[in-house]
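Colleague: Sequence and predicted model, in that order:
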Amino acid sequence: MDTILVANAGSSSVKFQVFGIEQDGGLRRQIKGQMDGIGSRPRLRVTAADGAVLVDRTYESGTIPDVAVALATAGAWLRDELKIHPVAIGHRVVHGGPDYDRPVRVDQNVLTRLERYVSLAPLHQPYNLAPIRSILARFPDIPQVACFDTAFHRGHGELADRYAIPNHLYAEGIRRYGFHGLSYEYIASALPQVAPDVASKRVIVAHLGSGASMCALNDGRSVESSLGFTALDGLPMGTRCGQIDPGVVLYLISEKGMSAADVQTFLYKECGLKGLSGISNDMRQLEASNDPRAALAIDYFVYRVSLFTGMLAAALQGLDALVFTAGVGENSSRVRRAIAEKLVWLGISIDAEANAKHARLISRSESRVAVYVLPTDEELMIARHTWSLLSENQNSSSRYERAS
Ligand code: ADP
């Protein structure tokens, strides 16, 4: 069976999945894997679709110095041990800049263009691109597709896309890009089946994980996002601050003597739930703690989600459904309940029992706004995009062959 490899490369880990392409063109997840501890204590762990562990191996530190070598090592293992030779590789790439509003097959020109966006996402983009570059050099015939976290939001109207700054900076790329687009696109693609009554209406999706954001969908298209220029804005996250007055940044520089690099590390790594609680960035640990600082962090998170729901409902001029997804959204009945309690004014009323059971529909029948819990699947979205670009290319080249 032909397969597609999906890769999500970060600074110290690369996650990957393999999807089989079925006769009817459907995609079936076969393998999940991860190489983490890159550069320190590398460990490759791969499981089959049923959860059976296929390999759990550690490597000498130094043998896997970077993310490109990590994916190459994992790829070699898949080839040698499981005889998996993917027909294409789909990559998660955080930034598609102002231009890419859809996935793209990567060649040298595209890669050069994507490298220009490194300055827009310095903590992610270089790691996303490193394996693409290395595969392009070693296996130029394997089609590679870049799927962007920003692309789904590129249809935003001008008002949603801008900051109140002079035009030349907007032209240079200082825009409200929004992120988590692959997650929102997946949810938008699932809504017609799971919630046909609301799929074409006004829906807010709350992607609440370690990274957290919210997106306003109108008729399945993104019209507004809680995130902007970087993945720092909007909701507080595990370790990121969320919305903050830029004056705080100025204060940190002028009064605390912090450099730009210090401020970057601080805002990305030391704030959010971790900074507020002083205990953990992990919602499960905060929920398990009796410390009042843990309760403060959870309350703050809930409060900010409720504020952004109001903002996004204003962008949509009303609300028909709210969808919770990602680690916290899918699994924390406590956080969902607390958020719903703050949104009674919007006509939200959830069923305590359905919420506790993580049912798909958790609102009561009389709730003016339907509330859903839907698991997201960014990897499947990448596999779908990769397969559809590949099929398009194959169709157009066979059309070309027929014509010539
Ligand atoms: P990411 O993909 O951004 O790394 P996830 O979507 O996996 O993040 O979400 C991770 C978050 O979800 C963590 O804060 C974790 O504590 C939280 N989480 C996972 N399961 C639960 C649960 N049962 N109850 C509360 N929080 C949970």
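Modeller: Arrived safely, thanks for sending.
Colleague: what pLDDT does whichever residue of the chain sits closest to the ligand get?
Modeller: Residue nearest to the ligand within the chain: residue 327 (2.0 Å; Cβ to the nearest ligand atom). In short, each C-beta sits where N, CA and C put it, glycine included. For residue 327, the pLDDT comes out at 96.
Colleague: Pull the number of nearby residues for the nearest residue to residue 317 once chain neighbours are set aside.
Modeller: Setting aside the residues directly before and after it, residue 317 is nearest to residue 202 in space (Cβ to Cβ, 6 or more residues apart in numbering), at 7.4 Å. Residue 202 has 20 neighbours, counted by other Cβ atoms under 10 Å.
Colleague: residues in contact with residue 202?
Modeller: 216, 217, 218, 313, 316, 317, 318, 319, 320, 321 (Cβ atoms under 8 Å, 6 or more residues apart in numbering).
Colleague: wait, doesn't residue 381 sit right on residue 147?
Modeller: Yes: using Cβ atoms under 8 Å, residue 381 is in contact with residue 147, at 7.1 Å.
Colleague: Overlap of the contact sets of those two?
Modeller: residue 182.
Colleague: So if I had to pick from those two, which one is more boxed in?
Modeller: Each of residue 381 and residue 147 had its neighbours counted (other Cβ under 10 Å), and the higher figure belongs to residue 147 (29 against 26).
Colleague: mind checking the SS state of that one?
Modeller: At residue 147 the chain is in strand, as set by DSSP: H, G, I helix; E, B strand; the rest coil.
Colleague: Show the pLDDT at it.
Modeller: 98.
Colleague: can you list the residues of the stretch 201-350 of the chain near the ligand?
Modeller: 209-211, 238, 282-284, 287, 326-328, 331-332 (Cβ under 6 Å from any ligand atom).
Colleague: Please repeat the previous calculation with a cut-off of 5 Å.
Modeller: The stretch 201-350 of the chain comes close to the ligand at residues 209, 210, 211, 282, 283, 284, 326, 327, 328, 331, 332, as judged by Cβ under 5 Å from any ligand atom.
Colleague: Let me see the ranges of the strands in the stretch 1-150 of the chain.
Modeller: 3-9, 14-21, 27-36, 43-48, 53-58, 88-93, 104-105, 144-148 (DSSP state E, counting those that start in this stretch).
Colleague: Within its sheet, name the partner strands of the longest one and how each one runs.
Modeller: In this case it means strand 27-36. Paired strands of strand 27-36, with direction, are strand 14-21 (antiparallel), strand 43-48 (antiparallel) (DSSP bridges).
Colleague: For the chain, which residues score under the pLDDT cut-off?
Modeller: 396-404 (pLDDT under 70).
Colleague: can you do 50?
Modeller: Within the chain, the segments meeting pLDDT under 50 span 399-404.
Colleague: one step back: please report which of the residues of the stretch 201-350 of the chain next to the ligand has the highest neighbour count.
Modeller: Neighbour-wise, these (other Cβ under 10 Å) top out at residue 328, 26 neighbours.
Colleague: Quickly list what the nearest residue to that one once chain neighbours are set aside is bridged to.
Modeller: Nearest residue to residue 328 in three dimensions, chain neighbours excluded: residue 208, at 4.0 Å (Cβ to Cβ, 6+ apart). Assessed by DSSP bridges, residue 208 has beta-bridge partners residue 212.
Colleague: Residue 217: what secondary structure?
Modeller: strand.
Colleague: Right, I'll leave it there.
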